[in-house]
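# here is my input; please provide its structure:
(chains A and B)
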Amino acid sequence: MTEKKRRVRFAPSPTGPLHMGGVRTALYNYLYAKQVGGDFILRIEDTDSNRFVPGAEEYIIEALRWCGILPDEGVDAEGHVVETPSEKHPHAPYRQSQRRHIYRKYAEELVSKGFAYYAFDSSEELAALRAAAEAEKRTFTYNHETRLSLKNSLTLSPEEVVRRLVETNDWTIRFKINPERLVEMDDLIRGHITVNACTLDDKVLWKKADELPTYHLANIVDDHLMEVTDVIRGEEWLPSLPLHYLLYEAFGWQDTRPNFAHLSLLLKPDGKGKLSKRDGDKMGFPVFPLRWVSAEGEVSRGYREDGYYPEAFVNLLAMLGWNPGTEQELFTLPELVEAFSLERVVKSGARFNFDKAKWFNQEYLRRRDRAELIAEFRALNAEHLEGFNDEYIGAVLDLMKERAHFAHELWGLTAFFFEPPKTYDEASVAKFWKEEVPAILPEVSRFLKGLKPFDKEHIDELLHDLITFRGWSMGKVMNTLRLFLVGESKGPGVSDIMQIIGRDETGFRIDRAIRILNAK
RNA sequence: GGCCCUAUCGACUAAGGGUUAGGUCGCAACCCUCUCAAGGUUGAAAUACGAGUUCGAAUCUCGUUGGGGCUACCA
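Coordinates of the predicted model:
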């Protein structure tokens, strides 16, 4: 068996930051490529200079790197798109704007074979036709029905065509759809699809005005030249698939045509439409992997900046539209590579759910390496942690980390371990600091100060014995103690807190609270 | 409007002709308990609708309806 190495590409357009749907497409491409032992290629489809957004390409690469989905080809080790061919990058350049010189010949080839024609209608003329049609509640389409009444090499004299080709500068090359054709296609996710070519329009393949191809031509030519074997892309491309099939045929490349798989789209949480840039800030969650600041200064939040671990982000994205067929939900990237299959990708659109996303991160936070979490906690709260060693911080985090979804929530949950409460929750004070309690606490404090060894087990024993012996209320005493140690009436077990902060600090906090509350 | 895709709990999904339609998130209750979490147990919660095929349909077919995409000299 000498099966050829599979080549799978992700081909985003740098028209803005890559959103999470795009990352998911990249991820599925990556998983598929790696599973079959193939190469994952990144190609930048920047054929529309009008929509070019500075920084978008860098953003795409950084987002992929953050997620750990690294291209084998197209991008070098430093994260730059490769511009010159080499052994590792034989098909460079990988940016279509740098490949512009190669496309025209393919477009001309189609004209000479009779599969395409020159069209001289200006965009203004076409816009006017569309507007006129719309006024009559019709839709204007440049297709087999209208092309013979328009200005193109099918209707103009050869001399006129040549004259316009050399003298004018805004003509295009259009694909000539054969309306008789029935296009039979196969999709790895959706199965067999049949489309009647008479419903297709004559798409522009090449534009003289910018000396550039459109997506359709560039995409097919590059996939062919780069020997791409599998195309996994968003569902928005499904309507173009017949055109792409026809293009492969017209070039005579049908035998090496790649396999196609069209992924369903990520939908808004409320199910109305596909997830878009605006939704995040409107609905309170990020739609982008990384923070993005537009040229106008508009800021969109990112999963990274919101405190998600890339592993969690990748995991949740993988499970949005794919499942392993088992009940396992937590996967590392290598595990995903192992388990992934296009057959198990679901066909219908997936709505994004913020709660589930947070749950994924919580699971990863729990599983976080202890030393890494300590370092992370230190980095996040350096100003509060001088004088506390890793052993102390580790003990605090062991006790508290399962309460958080994100590392940045940890400080709010643990601050009382590092500094005495600044205030005492008033409602809790009113609830507990009354009746016999003020008289009891000084005695509890005295006993605690004499306790040795001062650990959880002995503290529990002492407190329990003292409270039962005196006939006090367990709840009142314990909750008051917690109020004094934490500042409010929630948190971990009283003895857990005492063991960590130690005997001296415990005594200090209790006495201080008694003093303050008695003075009121 | 036309073309294409799609349809199981609120959300993500499993079940590929025979299951009490399963799991996860979320929600609720109970247990644990010094509070709050976590954890444990339990519960509410779905095959869009209508025909057909079949002994038998969530599953196959057709239609309807809903949702989504595309319909640019954008990708």
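# up against RNA strand B, what does the stretch 1-150 of chain A have?
Applying the criterion CB under 7 Å from any atom of the strand, the portion of the stretch 1-150 of chain A that neighbours RNA strand B consists of A:11-13, A:15, A:45, A:47-48, A:50-51, A:121-123, A:126, A:130, A:139, A:141-142. C-beta: built from backbone N, CA, C; applies to glycine.
# residue numbers of the stretch 151-300 of chain A in contact with RNA strand B?
With the criterion set to CB under 7 Å from any atom of the strand, the stretch 151-300 of chain A comes near RNA strand B through A:170-172, A:190-191, A:193, A:195-196, A:199, A:201, A:204, A:207, A:209, A:212, A:214-216, A:235-240, A:264-265, A:267, A:271-274.
# so which of those residues sit within strands?
Judged by DSSP state E, strands contain the following of those: A:172, A:191, A:193, A:195-196, A:204, A:207, A:212, A:267.
# can I assume residue A:261 sits in a strand?
Yes - judged by DSSP: H, G, I helix; E, B strand; the rest coil, residue A:261 forms part of a strand.
# who's in contact with it?
Under the criterion of CB atoms under 8 Å, 6 or more residues apart in numbering, the contact list for residue A:261 reads A:187-189, A:230-233, A:342, A:345.
# may I ask which of those residues has the most neighbours?
With neighbours set by other CB atoms under 10 Å, the maximum within the contacts of residue A:261 is found at residue A:232, which has 26 neighbours.
# name every strand pairing with the helix or strand where it lies and say which way it goes.
Taking DSSP states H and E as the criterion, residue A:232 maps to strand A:230-234. The strands beside strand A:230-234 in its sheet (DSSP bridges) come out as strand A:7-10 (parallel), strand A:259-263 (parallel).
# give me the helices and strands touching the helix or strand following it, please.
Sequence order places helix A:241-251 as the next helix or strand after strand A:230-234, per DSSP H and E. Using 3 or more CB pairs under 8 Å, 6 or more residues apart in numbering; DSSP states H and E as the contact criterion, the secondary-structure elements in contact with helix A:241-251 are helix A:100-112, strand A:172-175, strand A:182-187, strand A:191-196, helix A:215-225, strand A:259-263.
# now distance to residue A:303 and mean pLDDT too, for the ones you listed, in CSV please.
Output for the helices and strands packed on helix A:241-251, formatted as CSV (distance: least, CB to CB, whole Å; pLDDT from 0 to 100):
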stretch, distance to residue A:303, mean pLDDT
helix A:100-112, 35, 96
strand A:172-175, 40, 98
strand A:182-187, 30, 94
strand A:191-196, 33, 93
helix A:215-225, 28, 98
strand A:259-263, 20, 97
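# just put those in CSV and tack on distance to residue A:78.
Output for those, formatted as CSV (distance: least, CB to CB, whole Å):
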stretch, distance to residue A:78
helix A:100-112, 25
strand A:172-175, 37
strand A:182-187, 36
strand A:191-196, 41
helix A:215-225, 23
strand A:259-263, 30
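# ok, and what's touching stretch A:385-405?
Outside stretch A:385-405, the residues touching it (CB under 8 Å, 6+ apart) are A:358-359, A:361-362, A:365-366, A:368, A:370-371, A:373-374, A:377-378, A:409-410, A:413-414, A:417-418, A:492, A:496, A:500.
# let's see which of these end up in helices.
When the contacts of stretch A:385-405 are checked against helices using DSSP state H, the ones located there are A:358-359, A:361-362, A:365-366, A:370-371, A:373-374, A:377-378, A:410, A:413-414, A:496, A:500.
# so residue A:433 touches residue A:477, yeah?
No - with contact taken as CB atoms under 8 Å, residue A:433 and residue A:477 are classed as non-touching, separated by 11.8 Å.
# excluding its backbone neighbours, what's nearest residue A:324?
Of all residues not flanking residue A:324 in the chain, residue A:339 sits nearest, at 4.6 Å (CB to CB, 6 or more residues apart in numbering).
# swap that for residue A:205, please
Nearest in space to residue A:205, with sequence neighbours left out and distances taken as CB to CB, 6+ apart, is residue A:217 at 4.1 Å.
# now residue A:489
Leaving aside its chain neighbours, residue A:489 sits nearest to residue A:428 (4.1 Å; criterion: CB to CB, 6+ apart).
# gap between that neighbour and residue A:501?
19 Å (CB to CB, to the nearest Å).
# re earlier: tally up the residues packed near the residue nearest to residue A:205, please.
Residues within reach of residue A:217, counting by other CB under 10 Å, total 25.
# what residues does the one helix or strand in chain A whose mean pLDDT sits lowest touch?
Between all helices and strands in chain A, the lowest mean by mean pLDDT, DSSP states H and E belongs to helix A:277-283, at a mean of 78. For helix A:277-283, contacts defined as CB under 8 Å, 6+ apart pick out A:16, A:19, A:268-270, A:286-288, A:300-301, A:354.
# and the stretch 351-500 of chain A, which residues reach RNA strand B?
Within the stretch 351-500 of chain A, the residues that sit near RNA strand B (CB under 7 Å from any atom of the strand) are A:351-353, A:355-356, A:359, A:402-403, A:460, A:474-475, A:478-479, A:481-482, A:489-496.
# restricted to strands, list those residues.
Judged by DSSP E, the subset of those located in strands is residue A:351.
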